[in-house]
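J.: sharing a sequence plus its predicted fold:
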Amino acid sequence: MNDSKLLKFLKVLSTSELREFTVYLQNGPKEKKRALHLLKLLKKYHPEFDSKNVSKAYFHKKIYPEYKQERNFKRITDLMSSLLNDLNDFMVLKELDLQKETKNRILLQAYKRRKLDAFVIKEIEKIQSRLGQQEIKNGAYYEYQYWLAITKYDHPYSMRSSKEFHSSLIHLMESLDNYYYHHRMILVLELAHRRKTEDNSFAQFNNDWIIDAIKKLGSKASITLQLLIQLYEAITSEDYLKFDQLKRLIFKYIHSFSSYAKRSIYLVFKDYTAWCYYNQAISAGKVFDVIRFEIEEKLLINHESVSRRAFANAVTISCAAKEYTWAKQFVEKFNLYLKEEIRENVVSLSMANILFHQKEFKAAFDILAKVDFKSVGDKIIGRSLQLRIYYELKEFIALDAYIKATLQYIKRGTTFSQQYIDNYSLFVKAINDLMKLDAYTPKKLMNQFYAKYCATREIFYRDWILEKYQQIVISQKQ
């Protein structure tokens, strides 16, 4: 019985929603009496429904005592199906209460079907007046305006003159343009984002026509549509100088998009932010502002979970921005959104990373020593941290042995791409050569080290290597 659609639906209802559903049935017709009885029995076992009493036999006995000889429990099966239909109807009404525009559309259709022409026109004008006061014109706004325009255009009593007819038709076409371009641009951004994620470069798609068309709208293009254009042009041209302007627009207007569009647009902007940081166009502090905004706007959690990558990035960036207290609070608050099988490792690595940046190297090492790395990715991250800890603690004998072991491990890793192996190996070799530098190293060798490791962006943990190199340079001047 636990596999039934009814119980699966009831499990996700809150206590207050279950109470509302009970009242809904109580106010229904008398033939719902047995469905209400079944619901009241089920409520006792909500939300787990793990009691032995949650069975068709038990409910049949309670609700249909006069049919105690029946053994196929068809009556209970049919009653459960009826209760599920009632629950579906209840949830539709509940969702309608949250969607005023949908309710208005249904009301307009009811007026039209009953030929209440004056009601139709008055309702359209009332809605259009309210929409006209809306400050931000987004895709949903234009979609609704288009629907209203087409409804009015189709209505035989709505046009009082040829001039009004012409004006309504122009308004309809403008609304359709804005609605279509909004959704088209979001898809264009998603396509560009996926292409960039796959091969780390933006190809020029055949979308120049839509950019030109939107620009021709001029002042009739909404601010949100202009935002989409600017974001697209910034990422396709890899113009990192537009970050501050785009950040200001995103922070101000992203609330105007639907939840799906909001997430899609933010992911593109987040990756654009990462590319700006990678190219040293912005500071870690500015990236941290974007991460914090993501959390405040509830964009980090997707389908009740946080990805390993997003979690680790939030910790890494907050550490780079020296926001250590925030980083610890983030780990404590959001670790429950990680999948259970990876939670322990990700939390341990995150806390070790925070302690490392706070220069509490021994405490970070103690955490890593207790971690049972379950994935190749975790092992690589853990090894990277341990290599740097050995260097900071000046345990060069242990570091030398660990470098050799790590190089062997990375070469045997069949899951890594050749580019990943090359970049990671370069990082390990950089630490190996870093050990050989000191206050007495000739300038020529120092320059060679800088050219080989510090001047390249492909190397992992470049900022840390550059910091250690600069410390040695300073010691040579003293």
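T.: That came through fine.

J.: ok, which stretches of the stretch 51-200 of the chain are helices?
T.: 56-63, 74-98, 100-113, 117-132, 139-154, 162-199 (DSSP state H, counting those that start in this stretch).

J.: give me the helices and strands touching the first one, please.
T.: The reference is to helix 56-63. helix 33-43, helix 74-98 (3 or more C-beta pairs under 8 Å, 6 or more residues apart in numbering; DSSP states H and E). C-beta: built from backbone N, CA, C; applies to glycine.

J.: residue 41 versus residue 359, what's the distance?
T.: With the distance defined as C-beta to C-beta, to the nearest Å, residue 359 ends up 61 Å from residue 41.

J.: in the stretch 101-250 of the chain, where is pLDDT below threshold?
T.: Where the stretch 101-250 of the chain drops to pLDDT under 70, the residues are 135-139, 155-166, 168-169, 171-172, 192-210, 218-220.

J.: ok, now with 50
T.: 201-204 (pLDDT under 50).

J.: buried set for the strand or helix carrying residue 346?
T.: When secondary structure is defined by DSSP states H and E, residue 346 falls within helix 340-357. Under the neighbour-count criterion of 16 or more other C-beta atoms under 10 Å, helix 340-357 has 342, 345-357 buried.

J.: which one of those residues is nearest to residue 365?
T.: residue 352 (7.9 Å; C-beta to C-beta).

J.: pretty sure that closest one contacts residue 361?
T.: No: between residue 352 and residue 361 there is no contact under C-beta atoms under 8 Å: 9.9 Å.

J.: on that earlier part again, ok, residue 359 and residue 41, which is more surrounded?
T.: Using other C-beta atoms under 10 Å as the criterion, residue 359 and residue 41 rank with residue 41 on top: 15 against 9.

J.: how far away is that one from residue 47?
T.: The value you get for residue 41 to residue 47, if C-beta to C-beta is used, is 15 Å.

J.: swap in residue 318?
T.: 36 Å.

J.: which of these two has more neighbours?
T.: Legend: neighbour count by other C-beta under 10 Å for residue 318 and residue 47, higher for residue 318 (26 against 14).

J.: tally of neighbours for the nearest residue to the more buried one once chain neighbours are set aside?
T.: Nearest non-adjacent residue to residue 318, counting by C-beta to C-beta, 6 or more residues apart in numbering: residue 327, 4.0 Å away. Around residue 327 there are 25 other residues, counting by other C-beta under 10 Å.

J.: residues in contact with residue 327?
T.: The neighbours of residue 327, taking C-beta atoms under 8 Å, 6 or more residues apart in numbering as the test, are 314-315, 318-319, 350, 354.

J.: part of a helix, is it?
T.: Yes: the assignment for residue 327 is a helix, going by DSSP: H, G, I helix; E, B strand; the rest coil.

J.: what about it, distance to residue 314?
T.: Where residue 314 is concerned, residue 327 sits at a distance of 8 Å (C-beta to C-beta).

J.: and for residue 106?
T.: In this view, residue 106 and residue 314 are 42 Å apart by C-beta to C-beta.

J.: now swap in residue 112 and tell me
T.: Distance, residue 112 to residue 314, by C-beta to C-beta: 51 Å.

J.: more crowded one of those two?
T.: residue 314 (23 against 16).

J.: does the more buried one count as helix, strand or coil?
T.: helix.

J.: skipping adjacent residues, who's closest to it in space?
T.: Spatial nearest neighbour of residue 314, excluding adjacent residues (C-beta to C-beta, 6+ apart): residue 291 at 5.2 Å.

J.: quick check: that neighbour touching residue 311?
T.: No: applying C-beta under 8 Å, one finds residue 291 not in contact with residue 311, separated by 10.8 Å.

J.: one step back: show the average pLDDT along the helix or strand following the helix holding residue 346.
T.: Sequence-wise, the next helix or strand downstream of helix 340-357 (DSSP H and E) is helix 361-369. Taken as a whole, helix 361-369 has a mean pLDDT of 95.

J.: now helix 361-369 against helix 340-357, angle please.
T.: Relative orientation of helix 361-369 versus helix 340-357 (axes from the mean of the first three to the mean of the last three C-alpha atoms, to 10 degrees): 160 degrees.

J.: which other helices and strands does the helix or strand that comes right after helix 361-369 contact?
T.: Tracing the chain past helix 361-369, the next element assigned as helix or strand by DSSP H and E is helix 376-392. Of the remaining helices and strands, those touching helix 376-392 by 3+ C-beta pairs under 8 Å, 6+ apart are helix 340-357, helix 361-369, helix 396-412, helix 418-434.

J.: dump the C-alpha coordinates for helix 376-392 into PDB.
T.: Taking C-alpha atoms only, helix 376-392 is exported to PDB below (Å, rounded to 0.1, in the frame of the first residue of the first chain):
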ATOM      1  CA  VAL A 376      39.100  10.000  -7.000                       C
ATOM      2  CA  GLY A 377      38.100  13.700  -7.100                       C
ATOM      3  CA  ASP A 378      38.300  13.900  -3.300                       C
ATOM      4  CA  LYS A 379      41.600  12.100  -3.200                       C
ATOM      5  CA  ILE A 380      43.100  14.600  -5.700                       C
ATOM      6  CA  ILE A 381      41.800  17.600  -3.700                       C
ATOM      7  CA  GLY A 382      43.000  16.100  -0.400                       C
ATOM      8  CA  ARG A 383      46.500  15.400  -1.900                       C
ATOM      9  CA  SER A 384      46.700  19.000  -3.200                       C
ATOM     10  CA  LEU A 385      46.000  20.300   0.300                       C
ATOM     11  CA  GLN A 386      48.400  17.900   2.000                       C
ATOM     12  CA  LEU A 387      51.200  18.900  -0.400                       C
ATOM     13  CA  ARG A 388      50.800  22.500   0.400                       C
ATOM     14  CA  ILE A 389      50.500  21.700   4.200                       C
ATOM     15  CA  TYR A 390      53.800  19.800   4.100                       C
ATOM     16  CA  TYR A 391      55.500  22.800   2.400                       C
ATOM     17  CA  GLU A 392      54.100  25.300   4.900                       C
END
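
J.: relative to helix 361-369, how tilted is that helix?
T.: Going by the same axes, to 10 degrees, helix 376-392 makes 150 degrees with helix 361-369.

J.: touching helix 376-392 from outside, list them.
T.: 308, 312, 342, 345-346, 349, 352-353, 356, 359, 361, 364-365, 368, 371, 373, 396, 398-399, 402-403, 406, 409-410, 413, 415-416, 424, 427-428, 431, 434-435, 460-461, 464, 468.

J.: pull out the buried members of these.
T.: In the contacts of helix 376-392, the ones that pass as buried (16+ other C-beta under 10 Å) are 308, 312, 342, 345-346, 349, 352-353, 356, 361, 364-365, 368, 371, 373, 399, 402-403, 406, 410, 416, 424, 427-428, 431, 434, 460-461, 464, 468.

J.: burial of the residue nearest to residue 314, as a residue count?
T.: Using other C-beta under 10 Å, residue 291 has 23 other residues around it.

J.: ok, it - contacts?
T.: Contacts of residue 291 by C-beta under 8 Å, 6+ apart are 313-314, 317-318.

J.: okay, buried residues for the helix or strand it falls within please.
T.: Element membership of residue 291 [criterion: DSSP H and E] is helix 284-296. Residues of helix 284-296 classed as buried: 284, 286-295 (neighbour count, 16+ other C-beta under 10 Å).

J.: before we move on, the earlier item: the helix holding residue 346 packs against which elements?
T.: Right, helix 340-357 is packed against helix 308-320, helix 324-334, helix 361-369, helix 376-392 by 3+ C-beta pairs under 8 Å, 6+ apart.
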